[in-house]
Structures are given as C-alpha cells and as structure tokens.
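Q: just coords:
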Ligand SMILES: [Mg+2]
Ligand SMILES: [Mg+2]
C-alpha cells in the first residue's frame, strides 16, 4: 500500500522553502500561466499580452541601497521567450506608441542582485503605461512600497493591470482599451497594487488603484486607496486568500479600520 | 527509495480513461480555472464572467435522437456555485439585457443523458449572445457540428467567446465590449468554434468565427471559416496542441488544403 512510500526516510526530511514559496506564502491570486522568476512570480494573460499579476516579497535587506546594488542602466527590455510567439509583446509594440514600458515588479525592488533586476526587464513584466503616470505618481507609489520594508518585517506586493468599464452616453457600461500593434498588446485602463505588511504576526493591507493617464504627483497617495474587494472584483483575482482575515487590519479609503 | 512505490501492484493496473481525459485527448487550450463536467470541460474567465473555452467530444451514439433523449424544456439556467460570487454571472445580468443566454456547449450535444444536458445550463457555460445570432446562424453551426458526428468516428469541439479589436477614427486599434449589470458579465464581440474530426486516424480541422450580432442564416457557413491561427491569436489559446500537425488536414477559408 502507498504508506510504504511515506515511510521512506527521504520523504521525512524537512522541507526547504524555495523563493517562490516564500513570495507566495499567503496564496496565489490565480493559477494561470505561472512564471517563477528568481525573485518574483508572475501570471501571464495570453489574450491581453500583459501579466495578470506579479508578486514580490520585500524586506529591508533586499531593498536597501549599497555599493553592490544593481544599476538599472545596465539592463535592456527583452522579449520573454517562454511565451508562445503569437501571445508575446515585443519592443516594436511600444516603439512610438506614446506609452512607456512600465514595470509591474519594479526594477529597484530587485536591486540586491543584478540577475534579479534583469528578470524585471522581460516584457512579460511590462505594461504600456502613460509616461506621466510611470515617471511620477506610480513611481512614488513604488518608492512608498519600498519604504514599508523598513517599517515591517515582510512586505508582500501584488501588482497588475485593470480593464475597467465606463458608463457611456447610451447608459450602458463598456470596457474599452487600446491594443498596440503589431502584437495586440492591451493598454490597461488602470493599475492596482495590493500590499500586505507583516510585523511580528500582525498584518496591514493597503490597496491602491491609479488610472493609466497623467496623475498629478501632488495628490496624496492615500487618495488612490480603494477597498481590496474593488480590485478583486475588477481583476477577477483573489488577494491573499491564504491569510486568516481575522488577523488582517485593512487600511483603505483613507480610513484605517481595525478589525 | 521511491521505486518501492511503483513496484506496488495497484500502481501497475491499467489506466481507466475518464470522460474528461477522453474529451481533452488532443490537448488543453489553456489551464485556467478548469471545470470538469460529466460530459464537457470548461475553462472560466473570472474577469469577463464568461468561459474562456468549453470542450466537447461528440460521437454518433452520443448525439442521436431517440425516445430516451433529454428534453431542453425541462432545464433552467442556473448560477454556477463553484465560482466565487464576485466572479459569477446570474440570471439577473441577462434579464432585459437584450441578449440571449447563449450556450457554448450546446444543450442538444448532451441529449444522451438528462444530467449531462442539465450541466450545459450552468451560467458558466453561457455567454450573452445576440438573439438573431443564437437562434439562426449560430444554431445552424451547432446543427452542422452535430451532423459531423455521423460522418466521422470522433468529433472534438472547442467553443468560446472573442473580444476583437477594431480600428477607430483615430487610426488606432481598440477593444470595446459591453458588460452586463450587476455582475459585469462581458458581452463578447465574436464567438469561435474549432472542430477536429477524426476518422480512422485521419484528422480534419474546421474553424469558424461569427460576430455577436444578427447574422443572416442564408449566408453559407463556410463563409465564416477562418484559419485556426486567427482564433488562437485573438483568444490567447492554443488549439489541439497535442496533435501531430503533420496528420492534420486544415479546412478553412473556403479552401480545402491537403497537408
Ligand atoms: Mg515604472
Ligand atoms: Mg444557442
């Protein structure tokens, strides 16, 4: 019988946690086309040629700047050869599109190792992003996210694109988004970032949504906070479903709610 | 060592093919949110609240009409309780929407067993479909698909929604689709059906695409044939990737190409 197998000495050895398992400790938002990188995990949307989500785990040691930090100037954006060609974004899609190649897993979050940083330059981790969002308010949100790693023991970050409906003149709701040629790379209408912060077993959850358009960096970041359920409903993803919600303090809508 | 396990007598017993394994014999188009029904297999798109695809296997015995055939009048459309509530279509979404509840796996394909037919009435197998498509040209395509089961040994059918881009006045490509309230159920712009027909080890592949709008049933079905690669590129799915393409005769674009 099969119990013979589990009596085997090797099977009784302690599990060695791998980096993807650490990053995904509190659950996968979905299980579609998973890519396990050295320092982040990604789910790929073959229809929209964007990620569904990327997941990172930040700590003070991982994000600190020192003389060994990787330099983003040394890296180039590259096609992700692990994705079938018809579903793959290329640099040509972005060229003269008017959109930046916006990182989902931010390059600077992976500065502890140059190979890790190089992995963030795969176009599977990139979405078409308005330059005046990428370089200002979104960049500030990324910096704020890194700063949290100094105030908590562990910071888990899930980032991705959204395609939100809008009410048109006929009174009906429509989703409309541009696709870049030649590979039909979707231009998201919005982006989300959901951040789970843990310190000594206590958890805070902060969720943000920004439109893919020029955003005034003088608007406080907390103005972009939304209940995590809004992001779940719009994205079709379940956030941190592996976490006991009784332990969670949700910080959103500008109001801090103690649960 | 682990070989002990495989010496076990039970493990050496022959595999019993299950129905989902028969249906999916030539490969899964994707691995997202799979639902194994008694007589079809479905992949669910939690963002669009539609299936990504449904897969069926038809034979003459399964589709024939006799005194035991199930009756579609005995079945009601029902929510799919296996899908998390925020991502689930309900009858309310369709009520007064102007769209039919269009089957992807056609009810009549599952008439051999009333439980099988009931499974096709889950709203996860339903897309908002224009009444003048559902009741005319699309219905004719479904009937034609069933007729193929009389001419071949096995017919494998993959059906799903598409969200195609269109060039707007600014010269750029945009995807636009309506979403039904309250659950934001996407209204596909088009539908596809890819049919693999096998007789004595020879394979014919026929692929169709129709717009989600009134389609004149007098237009011959072969006018809606497209290369399967067009459907793959638009859907982000890979069709019958488990099949040796050297064996395949692709029948499309009105021209029959012998490979
Ligand atoms: Mg950026
Ligand atoms: Mg129908």
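A: Yep, it's here. All values derive from a computational prediction rather than experimental measurement. Ligands and ions are numbered 1, 2, ... in the order given.
Q: mind listing what whichever residue of the stretch 151-259 of chain A sits closest to ligand 2 touches?
A: Residue nearest to ligand 2 within the stretch 151-259 of chain A: residue A:172 (22.7 Å; CB to the ion). To be clear about C-beta, it is placed using only N, CA and C from the backbone, and glycine gets the same treatment. By CB atoms under 8 Å, 6 or more residues apart in numbering or on different chains, residue A:172 lies in contact with residue B:178.
Q: and the residue nearest the centre of chain A, which of the three is it?
A: Taking CA atoms, centre = their mean as the criterion, residue A:159 is the residue nearest the geometric centre of chain A, at 2.2 Å. Assigned with DSSP: H, G, I helix; E, B strand; the rest coil, residue A:159 falls in the strand class.
Q: can I assume it is in contact with residue A:104?
A: Yes - in this structure, residue A:159 is within contact of residue A:104 by CB atoms under 8 Å, at 4.6 Å.
Q: so what sits against both of those two?
A: Common neighbours of residue A:159 and residue A:104, counting by CB under 8 Å, 6+ apart, are A:53-54, A:191.
Q: Which ones among those residues map onto helices?
A: Within those, no residue falls in helices by DSSP state H.
Q: Looking at these, spot the one nearest chain B.
A: residue A:53 (11.3 Å; CB to the nearest CB).
Q: List the contacts of the nearest residue to the closest one once chain neighbours are set aside.
A: Among residues not flanking residue A:53 along the chain, residue A:160 sits closest, at 3.9 Å (CB to CB, 6 or more residues apart in numbering or on different chains). Residues in contact with residue A:160 (CB under 8 Å, 6+ apart) are A:50-54, A:104, A:191-192, A:235, A:237.
Q: sorry, back to before: specify which member of the shared contacts of residue A:159 and residue A:104 is nearest to ligand 1.
A: Nearest member of the shared contacts of residue A:159 and residue A:104 to ligand 1, counting by CB to the ion, is residue A:191, at 10.0 Å.
Q: Let me see the contact set for that closest one.
A: A:102, A:104, A:127, A:129, A:133, A:138, A:159-162, A:209-210, A:212.
Q: Then residue A:175?
A: The neighbours of residue A:175, taking CB under 8 Å, 6+ apart as the test, are A:163-166, A:189, B:175-177, B:179, B:186.
Q: Please apply the same query to residue A:142.
A: A:106, A:108-109.
Q: can you pull the pLDDT of it?
A: pLDDT for residue A:142: 98.
Q: Okay, helices next: where are they in the stretch 101-250 of chain A?
A: A:114-119, A:131-132, A:138-148, A:228-235 (DSSP state H, counting those that start in this stretch).
Q: which one of those helices lies closest to ligand 1?
A: Nearest of those (CB to the ion): helix A:138-148, 5.8 Å.
Q: What residues of that closest one count as buried?
A: Buried residues in helix A:138-148, counted by 16 or more other CB atoms under 10 Å in any protein chain shown: A:138-139, A:141-142, A:145-146, A:148.
Q: How about stretch A:20-36?
A: In stretch A:20-36, counting by 16+ other CB under 10 Å, buried: A:20, A:23-26, A:28-30, A:32-35.
Q: Adding distance to ligand 2, write those residues out as JSON lines.
A: What follows is the buried residues of stretch A:20-36, written out as JSON lines (distance: CB to the ion, whole Å):
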{"residue": "A:20", "distance to ligand 2": "43"}
{"residue": "A:23", "distance to ligand 2": "44"}
{"residue": "A:24", "distance to ligand 2": "40"}
{"residue": "A:25", "distance to ligand 2": "45"}
{"residue": "A:26", "distance to ligand 2": "42"}
{"residue": "A:28", "distance to ligand 2": "34"}
{"residue": "A:29", "distance to ligand 2": "33"}
{"residue": "A:30", "distance to ligand 2": "29"}
{"residue": "A:32", "distance to ligand 2": "27"}
{"residue": "A:33", "distance to ligand 2": "30"}
{"residue": "A:34", "distance to ligand 2": "34"}
{"residue": "A:35", "distance to ligand 2": "37"}
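Q: So which of those are in helices?
A: Per DSSP H, the subset of these in helices is A:20, A:23.
Q: Just the closest of the buried residues of stretch A:20-36 to residue B:113, please.
A: Among the buried residues of stretch A:20-36, residue A:32 lies closest to residue B:113 (CB to CB), at 31.3 Å.
Q: That closest one: what's it in contact with?
A: A:43-45, A:52, B:30-33.
Q: before we move on, what about residue A:151?
A: Per CB under 8 Å, 6+ apart, neighbours of residue A:151: A:197, A:199.
Q: ok, so what distance separates residue A:38 from residue A:46?
A: 23 Å (CB to CB, to the nearest Å).
Q: The two: which is more packed in?
A: residue A:46 (24 against 12; other CB atoms under 10 Å in any protein chain shown).
Q: Among the contacts of residue A:175, which ones are in strands?
A: Mapping the contacts of residue A:175 onto strands (DSSP state E) picks out A:165-166, B:175-177, B:179, B:186.
Q: Of those, which are in range of ligand 2?
A: With the criterion set as CB under 5 Å from the ion, no member of those is near ligand 2.
Q: Out of those, which end up buried?
A: Those of the ones in strands among the contacts of residue A:175 that meet the buried threshold are A:165, B:175, B:177, B:179, B:186, by 16+ other CB under 10 Å.
Q: from the residues you listed, which single one is nearest residue A:77?
A: Nearest to residue A:77 out of those is residue B:175 (CB to CB; 23.8 Å).
Q: Quickly name whichever of the contacts of residue A:175 is closest to ligand 1.
A: residue A:189 (17.2 Å).
Q: quick one, what contacts the closest residue to that closest one other than its chain neighbours?
A: Nearest non-adjacent residue to residue A:189, counting by CB to CB, 6+ apart: residue A:164, 4.9 Å away. Contacts for residue A:164 were tallied using CB under 8 Å, 6+ apart; they are A:175, A:189-190, A:234.
Q: Output the contacts of residue A:142 in JSON lines, with pLDDT and neighbour count appended to each entry.
A: Shown next, in JSON lines, are these (pLDDT from 0 to 100; neighbours: other CB atoms under 10 Å in any protein chain shown):
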{"residue": "A:106", "pLDDT": "98", "neighbour count": "28"}
{"residue": "A:108", "pLDDT": "97", "neighbour count": "18"}
{"residue": "A:109", "pLDDT": "98", "neighbour count": "25"}
